[in-house]
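Enquirer: have a look at this prediction, sequence included:
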Amino acid sequence: MMDPVAVVPVYDHPATIGAVTRQILSHGLRCILVDDGSSVECARVLDRLVDEHSTRVGLVRLPRNQGKGAAMVAGFRAAAARGHTHVLQIDADGQHAAADIPLFLDQARRSPDAVIAGCPVYDESVPRARLYGRYATHVWVWINTLSLDIRDSMCGFRVYPLGSLLPLLDATRIGRRMDFDSDVIVRLHWRGVPVVNQPTRVTYPQDGVSHFRMLRDNARISLMHARLFAGMLLRSPLLLWRKVAA
């Protein structure tokens with residue numbers, strides 16, 4: 001039986017994490033907040049949320065900022081320790097449409113062995129540089145999977161089956177920062193985990209807080225694509241055979 005939980009990586013989002021948490025809870029979903037070395041102000045907000053919703057909200061606290069990927073890995077392991085079968089990942093900054101959570105969970109119930117991957121539908125608030133930059137990643141992901149199965153590898157709104165994810169985390173070190181989302185979904189695809197693309201609205205609030213660092217994170221993502229390309233070359237016979245067999 002599917003038993004999902006939401007995991008939210010939090011790094012200094014005191015103004016939005018309360019609303020995001022309440023939206024998650026409104027859909028009958030329990031929640032694990034992962035404090036990725038936030039400031040004192042944000043840490044206090046998280047403590048208040050746990051006190052207010054003690055039976056439905058858990059907290060994992062990392063001693064220092066380690067990056068989105070590291071926070072998600074900590075959340076995955078906490079979810080597994082609590083007996084959950086699936087994790088719904090959603091960002092803390094409010095850019096994801098929490099109203100779409102039921103759509104993601106319905107897809108997960110229909111395809112419990114698949115990753116349900118958010119496929120963004122943007123409005124005019126999206127920064128053009130970010131939008132165009134994503135297309136470069138899309139192309140590399142299509143190359144590195146030898147498929148068009150993953151329509152968007154960078155969206156942090158998705159559902160993972162822990163039964164497939166945890167063995168990957170035990171066997172491979174996945175990107176620990178902004179390279180995490182693309183890295184993990186490509187490697188799951190290599191292992192034969194299906195991907196279901198779920199359209200979802202994404203907005204970029206004018207006063208939103210982003211921790212994406214253009215030069216540093218783009219360099220990290222470029223290195224990730226290079227590693228994945230090398231991995232694809234090694235796996236290409238299997239990947240091509242899978243396409244023929246399908």
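Expert: That came in fine, so what should we check first?
Enquirer: what stretches of the protein score poorly on pLDDT?
Expert: 125-133, 205-215, 217-218, 246 (pLDDT under 70).
Enquirer: correct me if wrong: Pro14 contacts Glu41.
Expert: Yes. Counting by CB atoms under 8 Å, Pro14 does reach Glu41; the two are 5.1 Å apart. Where you see a C-beta, it was placed from the backbone N, CA and C, and this is true even at glycine.
Enquirer: neighbour count winner among those two?
Expert: Pro14 (18 against 10; other CB atoms under 10 Å).
Enquirer: OK, contacts around the more buried one?
Expert: Applying CB atoms under 8 Å, 6 or more residues apart in numbering to Pro14 gives the contacts 38-39, 41-42, 44-45.
Enquirer: and those residues, which of them are in strands?
Expert: Within the contacts of Pro14, no residue falls in strands by DSSP state E.
Enquirer: remind me which helix or strand Gly58 belongs to.
Expert: Assigned by DSSP states H and E, Gly58 falls within strand 57-62.
Enquirer: buried sites along that strand?
Expert: 57-60, 62 (16 or more other CB atoms under 10 Å).
Enquirer: could you export the residues you listed as TSV, including distance to Ser147?
Expert: Output for the buried residues of strand 57-62, formatted as TSV (distance: CB to CB, whole Å):
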residue	distance to Ser147
Val57	38
Gly58	36
Leu59	38
Val60	34
Leu62	34
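Enquirer: for the residues you listed, which one is nearest Met178?
Expert: Leu62 (16.3 Å; CB to CB).
Enquirer: so the closest one touches Asp35, yeah?
Expert: Yes. Counting by CB under 8 Å, Leu62 touches Asp35, with 6.4 Å between them.
Enquirer: and the helices in the protein?
Expert: 17-26, 40-52, 68-81, 101-110, 128-145, 162-171, 180-190, 214-245 (DSSP state H).
Enquirer: wait, which of these is closest to Val10?
Expert: Closest among the helices of the chain, once you apply CB to CB, is helix 17-26, at 5.5 Å.
Enquirer: pull out the buried residues from that closest one.
Expert: 17-18, 20-21, 23-25.
Enquirer: okay, these in JSON lines with distance to Arg110 next?
Expert: Output for these, formatted as JSON lines (distance: CB to CB, whole Å):
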{"residue": "Ile17", "distance to Arg110": "30"}
{"residue": "Gly18", "distance to Arg110": "32"}
{"residue": "Val20", "distance to Arg110": "25"}
{"residue": "Thr21", "distance to Arg110": "27"}
{"residue": "Gln23", "distance to Arg110": "23"}
{"residue": "Ile24", "distance to Arg110": "21"}
{"residue": "Leu25", "distance to Arg110": "24"}
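Enquirer: with adjacent residues omitted, what lies nearest to Arg242?
Expert: Once flanking residues are discounted, Arg242 sits nearest to Gly192: 7.3 Å by CB to CB, 6 or more residues apart in numbering.
Enquirer: can you count the residues close to the one you found?
Expert: Residues near Gly192, counting by other CB under 10 Å: 11.
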